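J.: no sequence on this one, just coordinates:
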Ligand SMILES: C=C(O[C@@H]1C=C(C(=O)O)C=C[C@H]1O)C(=O)O
């Protein structure tokens, strides 16, 4: 191998390249503002998801030609597009409300510099290119008073978090204020353990934190029962207390960005229970704003319907009649009137739209109290995704598949209408979880890996599996692994890092708890298909489930097992045919393709096929193609834990998927 150039030299080249990349990104941002100016004149919507899809498909192709994988290109561009859309929105919003335009905003928020509220407020001001004069407050009431009295222009109030849910105190404060909601902003809350430089996680004895981060990191803290918890009024106070302390046995929970303001280092990261841990803040001001019709708008209202049967339903039917989507509904007690509730509604609509105006009039007639808290631009930019097949081969937008809307022919299957049947639900169901979509025209690919695995290879394997075209990894063999929880946590990190979903196979009832805690989807293996108690437990969970067919089960028995899950409330069910016992081969099961056709004709549930147990390397492709041809909704392909075999399977499975998707 020839000697590479000196490290310093290479680093200088990277530094120069990064500078150029930033200059290009700034140029792109300016061009997107020009687009906003054109849209202002033409009155066109800011978001154009069709344009985004075309752009992403082209970039994935161009990226591949340069050796960049699709996942990398897509996640990069999803953030670039989000930034571009939010900047365009902020620009148009400013143009529509010229009197609120200032060089500097005085912003009231909870805590002090470094708190999550501070970070949300700085992000909001940065986007609008205004300076922020920050006014840290000790309580939500103090924030509201600062804005009401004119000391601050805006107040930032955290309203909900993806792990810990709604923040009740903020809803209660909103009942009594004259302020209007004029904006919202969502920030990623990446909780870290922050300590003085050089501290070691093993030496930490006391952890300072606000109650919200403590509840959002409860699982991490439960694994560290040796830590003494000290509650603080904000994350900034927690960091301050660590900075003030003279030894290295203390830490705070907070963001790495906030910690840097206190010269603290993140000694542990990703402490939150949920993979996606975000907080949404609302922005309040003295004067309500107008939202231009080109922006996606949200309106928040509060109402009391009174104690009459069906009063809330009646109010919600008004929304339905006016085609208004409700993205959030909360209820809070009304002080002084026990057992009466005030309802908070977020509607995806502009207050000035005719539908919203006429719905409000109707609601006024049937409620005891109703007040609009504000109308503001919606700042949740849901990322545009490409379909599974677009990610693998050249994009072809003209191909719209819908093989499932054939008429129901089997109305006479059974006396009792099963919940899985097309009689109960004619429309094909879809399981959708992150990047994985199965059913109703979407074909998914799942890779199955067994534990134990060499942990240092997790990340590399996850990356190559993603590149081969899979959207999820199933792990099985929990009971064969020592120190299984730690191993799952590490595995999950690698899987999530590449945007894959983490499915955990339950082979024994005792594994359910661990699997439900760490997996985003469960796979109940065929061996457990007859375990009614387990099926009932799974049916009461609120997470997608794949139920594998037992090798000895008839189609009827299989659907009866599915019924047990569905009857408990969980409707996110997918079936999986992995082969049944026949006379073809005494050792291997046979893929029941006739059973697949039967299941497809009877049931609306998505159906996966795992041909790995029933085929040889020579027949795997033919079985997979046949399954796809017969309208299966996806494939599960097994991988060996032996690295050498894994690598050769990777090559053949990747070719197989290309073949299947083309
Ligand atoms: C820039 C535009 O506006 C939005 C942002 C896009 C982008 O940054 O590429 C693409 C489509 C729109 O959702 C545009 O319409 O071209």
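T.: Done, it's in. Not measured: the values here are computed from a predicted model.
J.: if I look at whichever residue of the chain sits closest to the ligand, how far off is residue 438?
T.: For the chain and the ligand, the shortest gap (Cβ to the nearest ligand atom) falls at residue 84, measuring 3.2 Å. Backbone N, C-alpha and C define where each C-beta goes, glycine included. Separation of residue 84 from residue 438 (Cβ to Cβ, to the nearest Å): 31 Å.
J.: Who has more neighbours out of the two?
T.: A count of neighbours by other Cβ atoms under 10 Å puts residue 438 above the other of residue 84 and residue 438, at 28 against 22.
J.: Helix, strand, or coil at the more buried one?
T.: strand (DSSP: H, G, I helix; E, B strand; the rest coil).
J.: partners of the spatially closest residue to it that is not a sequence neighbour in the sheet?
T.: Nearest residue to residue 438, sequence neighbours excluded (Cβ to Cβ, 6 or more residues apart in numbering): residue 444, at 4.0 Å. Following DSSP bridges, residue 444 is listed with bridge partners residue 634.
J.: got a list of what residue 444 touches?
T.: Residue 444 makes contact with 388, 436-438, 471-472, 608, 633-635 under the criterion Cβ atoms under 8 Å, 6 or more residues apart in numbering.
J.: The ligand next: which of these are close?
T.: By Cβ under 6 Å from any ligand atom, no member of these lies near the ligand.
J.: could you point out the longest strand in the protein?
T.: Longest strand in the chain by number of residues (criterion: DSSP state E): strand 337-347.
J.: what does whichever helix or strand comes after that strand contact?
T.: Following strand 337-347 in sequence order, the next helix or strand is helix 354-366 (DSSP states H and E). The contact list for helix 354-366, computed with Cβ under 8 Å, 6+ apart, reads 299, 301, 303, 305, 311, 314-315, 318-319, 321-324, 347, 349-351, 370, 372.
J.: residue contacts, the nearest residue to residue 262 once chain neighbours are set aside?
T.: Closest residue to residue 262 apart from its sequence neighbours, by Cβ to Cβ, 6+ apart: residue 239 at 4.3 Å. For residue 239, the contacting residues are 114, 194, 208, 252, 254, 258-259, 261-262, 264, by Cβ under 8 Å, 6+ apart.
J.: now, the most widely separated pair of the residues you listed?
T.: The distance between the two most remote of the contacts of residue 239 (Cβ to Cβ) is 15.5 Å, for 208 and 261.
J.: Mark out where each domain of this structure begins and ends.
T.: 25-96, 192-268, 292-378, 422-661 (automatic domain parsing).
J.: Mind putting these into CSV with mean pLDDT?
T.: Below are the domains of the chain laid out as CSV (pLDDT from 0 to 100):
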stretch, mean pLDDT
domain 25-96, 93
domain 192-268, 93
domain 292-378, 93
domain 422-661, 93
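J.: can you tell which of those domains is closest to residue 173?
T.: domain 292-378 (10.4 Å).
J.: Is that closest one in proximity to the ligand?
T.: No: using Cβ under 6 Å from any ligand atom, domain 292-378 stays clear of the ligand, coming no nearer than 10.7 Å.
J.: Distance across that domain, terminal residue to terminal residue?
T.: End-to-end distance for domain 292-378, by Cα to Cα, to the nearest Å: 12 Å.
J.: Stretch 425-441 now?
T.: End to end - Cα to Cα - stretch 425-441 spans 16 Å.
J.: and if you look at stretch 465-472?
T.: Start-to-end span of stretch 465-472 (Cα to Cα) is 9 Å.
J.: Contact distance from the ligand - what residues of this structure qualify?
T.: 32, 35, 47-48, 51-52, 55, 81, 84-85, 88.
J.: Go again with 8 Å.
T.: Contact residues (Cβ under 8 Å from any ligand atom) of the chain with the ligand: 28, 31-32, 35-36, 39, 44, 46-49, 51-52, 55, 77, 80-81, 83-85, 88, 384.
J.: Please indicate which of these are buried?
T.: 32, 35-36, 39, 46-47, 52, 77, 80-81, 83-85, 88, 384 (16 or more other Cβ atoms under 10 Å).
J.: so which pair among those residues is furthest apart in space?
T.: 39 and 77 (20.0 Å).
J.: Next, count neighbours for the spatially closest residue to residue 478 that is not a sequence neighbour.
T.: Nearest residue to residue 478 in three dimensions, chain neighbours excluded: residue 511, at 4.8 Å (Cβ to Cβ, 6+ apart). Number of residues near residue 511 (other Cβ under 10 Å) recorded here: 21.
J.: Many thanks, I have nothing further to ask.
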